[in-house]
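Novice: Sequence plus the predicted model coming up.
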Amino acid sequence: MTPFAWSQPHDVNEHVAGVAEGLRERGHSVTVLAPSNRAADLAAGRRALRDGANAELIALGPAVPISRRSRMGLPVGVRANLSTALARGGFDVVHGFEPGLPSLSYLALRDAHALTVASFFSAERLGYPPGRAQRERLLGRLDALVAGSPEAAHAASLRFPGEYRIVEEGVDDELFRPAEKRQLVVLEWRPAERPLSRAVIRALRVLPDWELVFLRTKPLAGRPTIPARLRGRAHVRTARDGRGRATILNEAAIFVPALDGLPRVTLEAAAAGAAVASPPGVQEQPELAAAALARLAENELLRKELSQEARRSVEGKTFADVAAALEQLYQGVAQRRRQPTPGPLADREWILSDLHLHTSWSHDCAIGVEQLLDQAEAQGLGTIAVTDHNVFGGALEAVELARDRELIVIPGEEVKTDGQGEVIGLFLNEEIPRGMSFSDTIAAIKDQGGLVYLPHPFDRLHAIPDPATLHRHLADIDIFEVYNARLLFEAYNDEALRFARKYNLTMGAGSDAHVLQGLGTGGLRMRAFDGPKEFMLSLRSAEILRRPKSLAYLQSLKWVAQVKERVR
């Protein structure tokens with residue numbers, strides 16, 4: 001998914017096209033989704049969407065101007081086409097490029113139900129979305145972060161924190177190959193970099209046998225002024241795509257990159273075997289580039305040595321190499337998704353379960369343990385999990401009082417971690433202290449043979465694990481809560497459900513009741529079980545039950561109960 005118009009040359013599009021072809025050569029089916037202003041692309045895109053979104057390129061609509069200061073304002077039809085492509089494409093991975101812009105890439109990564117990868121190449125393309133909550137929501141849906149350079153990774157991590165894998169831009173080493181070199185200097189020209197161009201021109205004045213090409217790689221870049229003494233051996237060429245630049249760079253003996261030029265052009269010049277004149281300190285003193293140029297022009301042996309070194313520098317950076325690196329990345333991401341298991345226990349009866357409940361042992365709840373058990377039986381529940389905040393006594397008391405009842409009580413505890421939200425342990429034997437790290441809390445649950453249940457994972461009104469922590473411990477989470485009846489915004493539950501479906505996680509649900517009236521407002525219909533192993537098997541075929549009541553009503557009852565408790 002690229003945000004830039006496919007009908008216009010762009011360095012990101014060249015990378016996308018090259019990598020897509022490299023992945024196809026490795027046996028993958030790859031579809032490029034992009035905007036385009038070319039009528040033929042738009043017509044072919046409509047046909048592809050109608051026929052099942054199976055094409056190498058699908059143009060989703062006309063290009064929309066992109067700015068770091070833009071707001072998301074894509075036409076409804078383009079958004080609809082994107083949704084159709086994502087739904088019908090059957091993609092295993094959606095890879096969005098430069099999603100820090102208000103664009104189709106951002107929307108694709110936000111809305112895709114497939115595994116997702118985001119790539120960042122420029123620090124100038126990181127302004128969207130402006131809100132921290134929006135960025136965190138996007139990060140929660142990303143499975144891997146990629147940057148084109150360490151500098152890009154550093155800049156992107158300030159806005160989108162996480163672990164970045166460096167996958168540099170690729171180059172076509174067949175298109176860019178050293179031809180017979182002639183005495184030609186190519187300067188990547190920028191209108192704002194006149195000190196550099198003047199220094200190169202001064203150097204060329206004392207090199208009468210050398211020619212100079214001002215290479216323009218951006219539209220509407222103006223034209224440089226060519227002194228009268230250089231007319232006839234200084235020329236201006238415009239080449240916005242790789243195929244156009246190849247004919248120039250393959251013959252060039254020396255390449256002088258712009259101070260703020262395209263990294264891709266320097267990579268292409270190196271692949272073409274041009275000696276690159278870009279010495280240290282050139283950003284502060286452009287004259288150093290001219291001095292390096294003069295030294296290379298006068299020393300053929302040094303020029304050939306640097307030419308060979310430049311060619312060697314692109315080893316491992318071809319489109320085929322980048323495709324192999326991304327294939328490895330995709331395979332690693334795909335391992336996070338759990339394989340489905342057949343639904344067992346089909347001969348067992350159905351029971352109702354509420355896996356997230358509190359008693360008066362919690363600091364913010366006034367329900368007596370026996371009251372909770374009576375109410376659970378009155379509502380027809382077959383299983384409940386008592387998960388008091390940072391204390392285990394309520395669960396132990398509930399297990400003891402339920403020995404002569406048909407109600408099954410799962411002893412648990414909702415443990416506050418050190419800055420990464422809460423984790424529930426089910427089937428515990430003893431209390432787990434609060435304040436440990438997320439990983440240590442999980443380890444403490446596992447040491448008891450318990451099950452890790454992650455409650456309200458996307459409730460941003462409370463402390464929750466950040467995306468990096470969540471993805472790092474995905475394999476350790478046994479049950480992922482997809483419905484919590486006490487959340488203020490239903491969108492948080494929807495996001496949890498979407499996340500669980502994406503990775504085929506075992507789903508859980510509960511009322512999180514702190515008053516008797518909230519009991520059973522959320523839960524599961526599942527097969528009867530005996531012990532933790534059968535419990536996990538039963539959850540694979542369980543049905544989520546939503547029986548919401550007014551949250552304002554339940555919350556007011558909780559506050560009244562707390563006030564009464566303090567008065568006593």
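Specialist: Nice, I can see it. Here the structure is a predicted model, which means the values were calculated and not measured.

Novice: Show me what stretch 143-159 is in contact with.
Specialist: Stretch 143-159 has contacts (C-beta atoms under 8 Å, 6 or more residues apart in numbering) with 100, 115-123, 126, 135, 160, 162-169, 263, 329, 332-333, 336, 471. In this view, the C-beta of every residue, glycine as well, is placed from N, C-alpha and C.

Novice: Report the buried members of the residues you listed.
Specialist: Neighbour counting with 16 or more other C-beta atoms under 10 Å marks 100, 115-123, 126, 135, 160, 162, 164-165, 167-169, 263, 329, 333, 336, 471 as buried within the contacts of stretch 143-159.

Novice: Which ones among the contacts of stretch 143-159 lie within strands?
Specialist: Among the contacts of stretch 143-159, DSSP state E puts Leu115, Thr116, Val117, Ala118, Ser119, Phe120, Tyr164, Arg165, Ile166 in strands.

Novice: State the distance from the first one to His471.
Specialist: In other words, Leu115. From Leu115 across to His471, the span is 11 Å (C-beta to C-beta, to the nearest Å).

Novice: Identify the contacts common to these two.
Specialist: Common neighbours of Leu115 and His471 (C-beta under 8 Å, 6+ apart) are Asp143, Arg336.

Novice: Quick check: chain neighbours aside, which residue is closest to Leu519?
Specialist: Ala513 (4.7 Å; C-beta to C-beta, 6 or more residues apart in numbering).

Novice: Could you pull up the residues touching that neighbour?
Specialist: Asp354, His356, Leu357, His358, Ile367, Ala485, Arg486, Leu519, Gly520, Thr521, Leu554.

Novice: what's the farthest-apart pair in those residues?
Specialist: Within these, Ile367 and Ala485 form the most distant pair, 15.1 Å apart (C-beta to C-beta).

Novice: what about the spatially most central residue of the chain, which helix or strand?
Specialist: Geometric centre of the chain, nearest residue: Leu142, 2.8 Å, by C-alpha atoms, centre = their mean. If you go by DSSP states H and E, Leu142 is not part of any helix or strand.

Novice: Roughly how far does it sit from Phe489?
Specialist: To Phe489, Leu142 is 21 Å away according to C-beta to C-beta.

Novice: Could you tell me which ranges of the stretch 51-200 of the chain sit under the pLDDT cut-off?
Specialist: Applying pLDDT under 70 to the stretch 51-200 of the chain picks out residues 65-73.

Novice: Make JSON lines out of the ones in strands among the contacts of stretch 143-159 and add distance to Gly419.
Specialist: Supplementary listing: the ones in strands among the contacts of stretch 143-159 in JSON lines, determined by distance: C-beta to C-beta, whole Å:
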{"residue": "Leu115", "distance to Gly419": "28"}
{"residue": "Thr116", "distance to Gly419": "26"}
{"residue": "Val117", "distance to Gly419": "27"}
{"residue": "Ala118", "distance to Gly419": "25"}
{"residue": "Ser119", "distance to Gly419": "29"}
{"residue": "Phe120", "distance to Gly419": "26"}
{"residue": "Tyr164", "distance to Gly419": "22"}
{"residue": "Arg165", "distance to Gly419": "25"}
{"residue": "Ile166", "distance to Gly419": "28"}
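
Novice: so the residue nearest to Leu519 bridges to which residues?
Specialist: Leu357 (DSSP bridges).

Novice: Next one: it from Asp364, what distance?
Specialist: From Ala513 across to Asp364, the span is 12 Å (C-beta to C-beta).

Novice: For the stretch 251-400 of the chain, which segments are assigned as strands?
Specialist: In the stretch 251-400 of the chain, strands defined by DSSP state E, counting those that start in this stretch lie at 254-256, 275-276, 350-357, 383-389, listed in chain order.

Novice: contacts for the first one?
Specialist: Meaning strand 254-256. Strand 254-256 is touched from outside by 184-188, 196, 200, 249, 266, 269, 272, 274-278, 289, 293, 296-297, 303, with contacts defined as C-beta under 8 Å, 6+ apart.

Novice: make it 6 Å
Specialist: Here strand 254-256 makes contact (C-beta atoms under 6 Å, 6 or more residues apart in numbering) with Val185, Val186, Leu187, Val200, Ala269, Ala274, Ala275, Val276, Ala277, Ala289, Leu293, Leu296.

Novice: I'd guess the first one is in a helix, am I close?
Specialist: No - residue state for Val185 (DSSP: H, G, I helix; E, B strand; the rest coil) corresponds to strand; a helix is not indicated.

Novice: Return the residues in contact with it.
Specialist: Per C-beta under 6 Å, 6+ apart, neighbours of Val185: Trp210, Leu212, Ile254.

Novice: shaky segments in the stretch 201-350 of the chain?
Specialist: Residue ranges of the stretch 201-350 of the chain with pLDDT under 70: 220-221, 341-343.

Novice: Mind listing the shared neighbours of Ala513 and Asp364?
Specialist: By C-beta under 6 Å, 6+ apart, no residue touches both Ala513 and Asp364.

Novice: quick one: terminal-to-terminal distance for stretch 179-194?
Specialist: By C-alpha to C-alpha, to the nearest Å, the extent of stretch 179-194 from end to end equals 30 Å.

Novice: I misspoke; the intended subject was stretch 339-359.
Specialist: Stretch 339-359 end-to-end distance (C-alpha to C-alpha) = 36 Å.

Novice: do stretch 181-201 as well
Specialist: Taking C-alpha to C-alpha, the first and last residues of stretch 181-201 lie 21 Å apart.

Novice: from the middle of its chain, how far away would it be?
Specialist: 39 Å (C-alpha atoms, centre = their mean, to the nearest Å).

Novice: Same check on stretch 522-537?
Specialist: Centre-to-centre, stretch 522-537 and its host chain are 33 Å apart (C-alpha atoms, centre = their mean).

Novice: My read is that Leu267 contacts Gly170, right?
Specialist: No - in this structure, Leu267 is not within contact of Gly170 by C-beta atoms under 6 Å, at 8.4 Å.

Novice: Looking at the two now, which is surrounded by more residues?
Specialist: With other C-beta atoms under 10 Å as the criterion, Leu267 and Gly170 differ in neighbour count, and Gly170 comes out ahead with 27 against 21.

Novice: quick one: the more buried one from Glu21, how far?
Specialist: 10 Å.

Novice: Please name whichever of the contacts of Ala513 scores lowest on pLDDT.
Specialist: Minimum pLDDT across the contacts of Ala513 is recorded for Leu554, with 50.

Novice: Count the residues that sit near Leu104.
Specialist: Per other C-beta under 10 Å, the neighbour tally for Leu104 reads 28.
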